[in-house]
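In: Curious how this folds, go ahead:
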Amino acid sequence: QAAPAQFRRLAAAAAKQPAAGDGPVQRVVLDSWVLATDEQTGKAPGKSVLTPVLSERYFLPDGTFRTLERRGEPLDSRGRVGDPSPRTIAGSADSDETFDGPDEGPDYADGLPTEPEALERSLIPDPAECDGALAACLVSRLAFLQYNYVLKPATAEALWLMLARQTEFAYVGETRDRLDRPAVAFTSAASDDSRKLVLLADPKTGALMGSEEVLVRDSSQLGLKAPAVIEFVALSSRERIAADKVPDPSLSTVY
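Out: Purely as a prediction, here's the structure:
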């Protein structure tokens, strides 16, 4: 079905939500599966492996970005994370890294316009650079914001209203996400026409719950037959926390 009316419903729900805390540190927890590929060489088909990763991200007010990651468990027979709670690394991780955050800085999302057309211009200053794939560009920018920042309700509302202005999205119905939560789903073309993008959202709160990329044509380069989900991100939680709630690096065990 056409997506604009559903996007507007999500926007209305998002606008009614309380702020996710008022601390200076932005914490986002993601469950994701990322495709690792040895591409095709000669006549030999490529080989691909989906690697599950649980990522706990802290965007600090000084602009540094700390990421704790742990390799996840295989999905269950329904394609969902087997034990979705609690989604925290809790003192032990496969990696614990601190580095410079995005160039936009920790306050970038708070300064974005909340009028949908102005927001689109801010996120995509030159649509020509999208090479005819504006929907894919918008999904990329939306994911960048949602997976790195804790958004104000007005910004979350504006993002859905921005998508409601587009014609490239379709509403595909109700489902359950990778963490077994009720969700509504939308799809659009990717920048590569052999793939489709999927967005998942909470119909009650208007929160983005995750995104997926689906291969819709067989790929000898990847060694995969369509249809195949080749990447997903499930947004487990996000909140603004006090600085003293950030795990002490000296107490973190990296395996």
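In: so E231 bridges to which residues?
Out: For E231, the beta-bridge partners under DSSP bridges are E213.
In: Okay, strands next: where are they in the stretch 51-200 of the chain?
Out: Ranges of strands within the stretch 51-200 of the chain are 64-71, 92-93, 95-100, 170-176, 182-189, 195-201, based on DSSP state E, counting those that start in this stretch.
In: who wins for proximity to Y149 among those?
Out: Proximity to Y149 (C-beta to C-beta) singles out strand 64-71 among those, at 11.0 Å. The way it works is simple: take the backbone N, C-alpha and C, and place the C-beta from them, glycine included.
In: Can you name the residues in contact with that closest one?
Out: With contact meaning C-beta atoms under 8 Å, 6 or more residues apart in numbering, strand 64-71 is reached by 51-60, 89, 92-102, 148, 246-247, 249, 252.
In: buried sites along that strand?
Out: Residues 65-70 are the ones in strand 64-71 that count as buried (16 or more other C-beta atoms under 10 Å).
In: Partner strands of it, with direction?
Out: Counting by DSSP bridges, the strands paired with strand 64-71 are strand 47-59 (antiparallel), strand 95-100 (antiparallel).
In: angle of the lengthiest helix in the chain against strand 64-71?
Out: When the chain is parsed with DSSP state H, its longest helix is helix 134-148. Relative orientation of helix 134-148 versus strand 64-71 (axes from the mean of the first three to the mean of the last three C-alpha atoms, to 10 degrees): 90 degrees.
In: So which elements touch helix 134-148?
Out: Contact here means 3 or more C-beta pairs under 8 Å, 6 or more residues apart in numbering; DSSP states H and E; on that basis helix 134-148 packs against strand 25-38, strand 47-59, helix 116-123, helix 153-164, strand 182-189, strand 195-201, strand 208-215, strand 228-241.
In: neighbouring contacts of that helix?
Out: 26, 28, 30, 57, 59, 65, 101-102, 109, 112, 120, 123-124, 127, 129-130, 151, 155, 159, 162-163, 166, 168-169, 188-191, 197, 199, 208, 211, 233, 235.
In: pLDDT value on the residue nearest to E157 when sequence neighbours are not counted, please?
Out: Distance criterion C-beta to C-beta, 6 or more residues apart in numbering; nearest residue to E157, sequence neighbours excluded, is A15 at 4.1 Å. Looking at A15, its pLDDT reads 98.
In: mind listing what A15 touches?
Out: Shown in contact with A15 (C-beta under 8 Å, 6+ apart): 153-154, 156-157, 206.
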